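In: What follows is a predicted protein model with its sequence.
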Amino acid sequence: MATASHTRQSPVETDQPMNERDHWKTVGQLPTPTTNDSRVPAALTRLVWLLWVASLGVLAVRFRSETAWELGPFAVDGLTTVMWVTVTFFSGIVHSYSRRYLAGSGHIDRFFGRVFAFTLVVMALVAVDHLALFWAAWLAMGLVMSQLIGHIEGWPQAQAAGGLARRYFLGSSAALGVALVALWWLTGATTVSGVATAVETLPAAGIAVAAGALLVAAMAQSALVPFHTWLLSSMTAPTPASALMHAGFVNAGGILLVRFAPVVTAEPGVMVAIVIVGATSALAGKLLKTVQTDVKRQLGCSTVGQMGFMLMQAGLGFFGAAITHLILHGFYKAYQFLAAGDGVEQKSPAAEKESGSTGVVGLAVIVLTGLAGGGVFAVLTGKGTGFDTGLLLALLVVLTTLHASRETLKHTSLPVAVRYGAVPLVFLPAIAIYAAVYRVIEGLVVGLPAVGTPVELTPVHGLVAVAFVLTYLVVESGVYQQSERVYVALLNAAQPPSETLLTSTEDYNEY
């Protein structure tokens, strides 16, 4: 974890030769910023919060408008305003947090400049309508993030991680370039909206090429399996950069599929492929997380799985659910990274004590809460009440509620009766809030082309549902932990390249 890049250093008086006496040591507590420090962090922090306030104003006005506002090569619609509010809020939190986190760093202005530049690039990406500008924003977003990953120039590991991420992002941009050139060649349109209106006339082969390239670009940028290595190698990034990465950058894959929904929904086989890709990453991320001992790498594996869920929701036809997922996951993951230090505990294995087995009553509470959670979601959103892919979406809500309920019963230090009553009282209102947010987001993006229609159920969707149920049972029962071969395979699958790993704690002290 890169948490010491901002320490102020002072010389140590010794009897060593002059060339060794000038060596700097890390000592003391982080200084509180003073009026003599650079004004850049404060100025950019205030500016990004002003952008957030302005975005809220634009969102309020958008509620009264049903058509996109065209401003030259930009088109401001419901998706644009929602993402503007989300991105500027996350960026404002990161800016504010970083002023203290990076206090005393000689590179604080450079860091703030990159974070602010990233914010502007993402705001442009979600609003631009011209294909060439969209590609340029996508490329710039990846290049700026790779610089944030390799921010600490004195760490060879950070430079290696930044270089690895850059190669993945360039590959993603190349795939997106193939898709956009193919769409321009086939339709003659130079805008995203123009492609949306002309896609129905395209041949199936052309759609398959463009949609396949879009999917690869989304997978690489969102760190889906097998492109997850760059994300798990990025732990050398300063913690605020990691928060911005996991809360915002990886969501780009979902934004890409929503923007080009007319292309990926034109062929049913493409949507099935998106479901398979998303489900694979969701299940793999869950399993990879179970063998991690490092706090930030656990969060990284969790992001791999959550991005899989996001793409899977898009593949089911619920693009509104994908946007809702990326927003709520962004809030959760930003908090988790910025509070990662609180997750580091020093305790004896003997002191590790769970609340005990759930018992028959506890099992009944878990099952009933899970089923009730799926029912609440289905009633409030209308997803899962018909014979379509909404059933699979509701199943995911049930399994998530089952897992969260069981973890709460096992690890909450409350009297048994209180725990049994608290589980439904906490989770069912939470699901209701999630459903309400989903309905709001769905209403904002309802005007986008090809968004809002669920996909018809196929045998593949049934197999995906079975895979999720089986994986849930395997993880909850802990059966996989009995096999050393499975453990090693999972550990190796989550192992980043050795050149990106900090193996000595002395490396932290140097920077």
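Out: Alright, I've got the coordinates.
In: which residues of the stretch 351-500 of the chain fall in helices?
Out: 359-381, 390-411, 416-445, 459-477, 484-493 (DSSP state H, counting those that start in this stretch).
In: so what does the first one touch, helix or strand wise?
Out: Spelled out, that is helix 359-381. The contact analysis (3 or more Cβ pairs under 8 Å, 6 or more residues apart in numbering; DSSP states H and E) places helix 359-381 against helix 390-411, helix 416-445. C-beta coordinates here come from the backbone N, C-alpha and C atoms, glycine included.
In: what's the most buried one of the ones you listed?
Out: Highest mean neighbour count of the helices and strands packed on helix 359-381: helix 390-411, a mean of 20 (counted as mean count of other Cβ atoms under 10 Å).
In: coming back round to it: between the helices and strands packed on helix 359-381, which one is closest to Gly113.
Out: Among the helices and strands packed on helix 359-381, the nearest to Gly113 by Cβ to Cβ is helix 416-445 (31.7 Å).
In: of the helices of the stretch 351-500 of the chain, which approaches Ala54 most closely?
Out: Across those, Ala54 has its closest neighbour in helix 416-445 (17.4 Å, Cβ to Cβ).
In: and that closest one with helix 359-381, angle?
Out: 20 degrees (axes from the mean of the first three to the mean of the last three Cα atoms, to 10 degrees).
In: Run the chain-centre distance for helix 416-445.
Out: Put simply, helix 416-445 sits 21 Å off its chain's centre (Cα atoms, centre = their mean, to the nearest Å).
In: likewise stretch 228-241?
Out: 12 Å.
In: Compute the first-to-last residue distance for it.
Out: Terminal residues of stretch 228-241 lie 17 Å apart, using Cα to Cα, to the nearest Å.
In: where are the low-confidence patches of this protein?
Out: For the chain, the stretches with pLDDT under 70 are 1-37, 64-66, 68, 341-358, 412, 414, 450, 452, 503-511.
In: Now do the strands in it.
Out: 9-11, 24-26, 69-71, 74-76 (DSSP state E).
In: Select, out of the helices and strands packed on helix 359-381, the one closest to Leu326.
Out: The closest approach between Leu326 and any of the helices and strands packed on helix 359-381, judged by Cβ to Cβ, belongs to helix 416-445 at 9.9 Å.
In: Tell me what angle that closest one forms with helix 390-411.
Out: 150 degrees.
In: What is helix 416-445 packed up against?
Out: By 3+ Cβ pairs under 8 Å, 6+ apart, helix 416-445 packs against helix 78-101, helix 319-338, helix 359-381, helix 390-411.
In: From the contact counts, what lies against the second one?
Out: Translated: helix 319-338. helix 78-101, helix 239-247, helix 252-259, helix 295-315, helix 416-445.
In: Kindly recompute the last result at 10 Å.
Out: With contacts taken as 3 or more Cβ pairs under 10 Å, 6 or more residues apart in numbering; DSSP states H and E, helix 319-338 sits against helix 78-101, helix 239-247, helix 252-259, helix 261-264, helix 295-315, helix 359-381, helix 390-411, helix 416-445.
In: what angle sits between the longest helix along the chain and helix 252-259?
Out: Counting by DSSP state H, the longest helix found in the chain is helix 156-187. Angle, helix 156-187 to helix 252-259, by the same axes, to 10 degrees: 10 degrees.
In: Now do the buried residues in helix 156-187.
Out: 157-166, 168-169, 171-173, 175-180, 182-184, 186-187 (16 or more other Cβ atoms under 10 Å).
In: quick one: it to helix 239-247, angle?
Out: Counting by the same axes, to 10 degrees, helix 156-187 lies at 30 degrees to helix 239-247.
In: Just send the helices and strands packed on helix 319-338 back as JSON lines, with distance to Gln221 too.
Out: Below are these laid out as JSON lines (distance: least, Cβ to Cβ, whole Å):
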{"stretch": "helix 78-101", "distance to Gln221": "15"}
{"stretch": "helix 239-247", "distance to Gln221": "11"}
{"stretch": "helix 252-259", "distance to Gln221": "5"}
{"stretch": "helix 261-264", "distance to Gln221": "15"}
{"stretch": "helix 295-315", "distance to Gln221": "9"}
{"stretch": "helix 359-381", "distance to Gln221": "28"}
{"stretch": "helix 390-411", "distance to Gln221": "23"}
{"stretch": "helix 416-445", "distance to Gln221": "20"}
